[in-house]
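Asks: Return a 3D structure for these sequence lines:
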Amino acid sequence: MTLLTTVVAIATIWCTGKPMPQDQAPVEVVTKRFLRGDATLIDGFCRVPFGFLTVDPAAGAGRGGAYRVEIAVRDSTGLVLHESGWSQTVGAEFLEVPGASTVEHFSFSVPHGRYTLDLSVADSVSGAVQRASVEVAALPRDARASDLLLSSGIRRAAAEGAAAGPGEIQKGSLFVAASARPVLTPRQAELFYYVELYPRADVSVALSAAVTQDGRVITSTVPEQLAVGAAGGVASRSLSLAGLPAGEYGLRLTVAFPDGDVVRDAAFTMAGFETEAQIAEVTAAPPSDPFAELTETRLDSLYGPTLYLQDSGERNVYDGLSVDGKRNYMRQFWEKRDPTPGTPVNEAMVAYYRLFAEANRRFRESGAGDTPGWRSDRGRIFLKYGTPEETLRRPVSEDSPPFEVWKYSRPRQLKYVFLDETGLGNYQLIYTNDRLETSRADWTERLGPRAVEDVLRF
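Replies: Residues are numbered from 1 along each chain as shown. Purely as a prediction, here's the structure:
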């Protein structure tokens, strides 16, 4: 399996230990909603089972498979507000594990209203397609809590500017392991939850969590007091569920406000020891030299995105090297950036190629240029700084073409405005306060007065 496939697939592997019958629709979609001003941010998680994928006979050694995900978001009139699609490869060792799957994450913002999310996953070899359709309603403007997001792991950023790791999404200063439905095991039995609170006044709330099964409460926590300011806050906690038998469960979180309770529910799975053995087998440590067996074409593809990291002594060297020289260049390039030399994993390299895969998945631009995601303006900024801490999206507007605004506070206060004048999802950087990037002199005219006001207020 190639280096990039390893980085992505290992991070998101699920094993339930239960083969999925082929005549069942196995794709599972879960959405979580969070208020962002007058809009609702939707985080979507799609569980893609490997059981319906076919091994690609042309893939060569270490044969694997591939699939493509397509999503469309429609309003109540049927108007498409958001469309996107991306492809992913899967190593052969994952296809052979019964019940194995991966999680694809996507997000979009919508104004107040009701929407339909249509999703399809197509096997790139056989053409077989699995579909799912989910009705999504934006959170009420007066909602006092977001949906409940469960995870098998939540960690706080160790330093300013830290990037999310493989299979993680960022929520403020927290990195959350993405999952449609977390799967715990006897040795990894800690369940984490994340919920945002929107009290609109300084209050003290009481948080209590209960594990349920078939409507019965299995265990519960003692209420915990939490002070929340008028601007809102986050509640993120963990529960140790060691000893819980294998099965399907729910977590019910009750937030007791002074004037009433808000209850949020989400599902999770407790697996058995056989699942741990399967996970350990397919996620065995990668070879100490990940570049040793790569072809020149593969080396070149991994070299490309390093352009955004290179110092002056590393530029204009690689192209003139032999294949072995290119392997040595890549080894030395990443060894110099390894935060933990001497350990089996180079965390900086893994995190960067995870961003690279995400950039290609999310920001590919169609049309005559057919630009890979990492070479697009959004992809470049994403690779340099990671997921923006705040995002303003206007996919549909009466006064301007679609646009996005990204904000970062680390390493310094930065803002980027991307405009899609083609209507095909090809966003170009038109304004930024980053001195290393270029703004267009006519960016306000391109946006229009109302959109400019939104950008300046954001």
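
Asks: where does Gly161 land on pLDDT?
Replies: Predicted confidence (pLDDT) for Gly161: 61.

Asks: beta partners for the residue nearest to Ala256 when sequence neighbours are not counted?
Replies: The spatial neighbour of Ala256 that comes closest, neighbours along the chain excluded (C-beta to C-beta, 6 or more residues apart in numbering), is Ala206 at 4.1 Å. C-beta: built from backbone N, CA, C; applies to glycine. Taking DSSP bridges as the rule, Ala206 bridges to Gln225, Ala256.

Asks: Help me confirm that Ala206 comes into contact with Ala227.
Replies: No. In this structure, Ala206 is not within contact of Ala227 by C-beta atoms under 8 Å, at 11.1 Å.

Asks: Looking at those two, which one has more neighbours?
Replies: Ranked by neighbour count (other C-beta atoms under 10 Å), Ala206 and Ala227 place Ala206 first, with 15 against 9.

Asks: what sits against the more buried one?
Replies: Contacts for Ala206 (C-beta atoms under 8 Å, 6 or more residues apart in numbering) come out as 223-226, 255-256.

Asks: one more time with 6 Å
Replies: Ala206 makes contact with 223, 225, 256, according to C-beta atoms under 6 Å, 6 or more residues apart in numbering.

Asks: Need the pLDDT of the last one.
Replies: The per-residue pLDDT reported for Ala256 equals 97.

Asks: now swap in the first one and tell me
Replies: On pLDDT, Pro223 comes in at 94.

Asks: cool, the one 3 residues further on as well?
Replies: Leu226 is assigned a predicted lDDT (pLDDT) of 95.

Asks: isn't Trp376 right next to Phe363, touching?
Replies: For residue 376 the amino acid is Ser, not Trp. Yes. When contacts are counted by C-beta atoms under 6 Å, Ser376 is listed as touching Phe363 (4.6 Å).

Asks: ok, the closest residue to Glu28 other than its chain neighbours - how many residues close by?
Replies: Spatial nearest neighbour of Glu28, chain neighbours left out: Arg47 (4.2 Å); criterion: C-beta to C-beta, 6+ apart. Neighbour count for Arg47, taken as other C-beta under 10 Å: 22.

Asks: tell me the mean pLDDT for the helix or strand hosting Arg47?
Replies: Using DSSP states H and E, the element containing Arg47 is strand 39-49. Mean pLDDT, computed over strand 39-49, is 91.

Asks: so how far is it from its chain's centroid?
Replies: Offset of strand 39-49 from its chain centre (C-alpha atoms, centre = their mean, to the nearest Å): 9 Å.

Asks: list the helices and strands that strand packs on?
Replies: strand 28-36, strand 100-110 (3 or more C-beta pairs under 6 Å, 6 or more residues apart in numbering; DSSP states H and E).

Asks: Make TSV from these and add mean pLDDT to it.
Replies: Listed next are the helices and strands packed on strand 39-49 as TSV, based on pLDDT from 0 to 100:
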stretch	mean pLDDT
strand 28-36	94
strand 100-110	87
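
Asks: which of the ones you listed is buried the deepest?
Replies: Of all the helices and strands packed on strand 39-49, strand 100-110 has the most neighbours on average by mean count of other C-beta atoms under 10 Å, namely a mean of 21.

Asks: Which is the succeeding secondary structure element to that one?
Replies: strand 114-123.

Asks: Can you name the residues in contact with that next one?
Replies: The contact list for strand 114-123 (C-beta under 6 Å, 6+ apart) reads 27, 29, 46, 48, 53-54, 67-76, 129-137.

Asks: Helices along the protein, start to end?
Replies: Listed from the start of the chain, the chain has helices (DSSP state H) covering 3-12, 92-95, 273-282, 296-303, 323-335, 347-363, 377-385, 443-447, 449-457.

Asks: what's near enough to touch Ser376?
Replies: 363, 365.

Asks: Give me the distance between it and Ala451.
Replies: 21 Å (C-beta to C-beta, to the nearest Å).

Asks: and if you look at Glu437?
Replies: Going from Glu437 to Ala451 by C-beta to C-beta gives 20 Å.

Asks: can you check Val176 too?
Replies: From Val176 across to Ala451, the span is 31 Å (C-beta to C-beta).

Asks: now do Gly386
Replies: Going from Gly386 to Ala451 by C-beta to C-beta gives 25 Å.

Asks: How about Lys384?
Replies: To Ala451, Lys384 is 25 Å away according to C-beta to C-beta.

Asks: If you count surrounding residues, which of those two has more?
Replies: Ala451 (22 against 15).

Asks: Quick check: chain neighbours aside, which residue is closest to that one?
Replies: Ser400 (4.1 Å).

Asks: I am finished for the moment; much appreciated.
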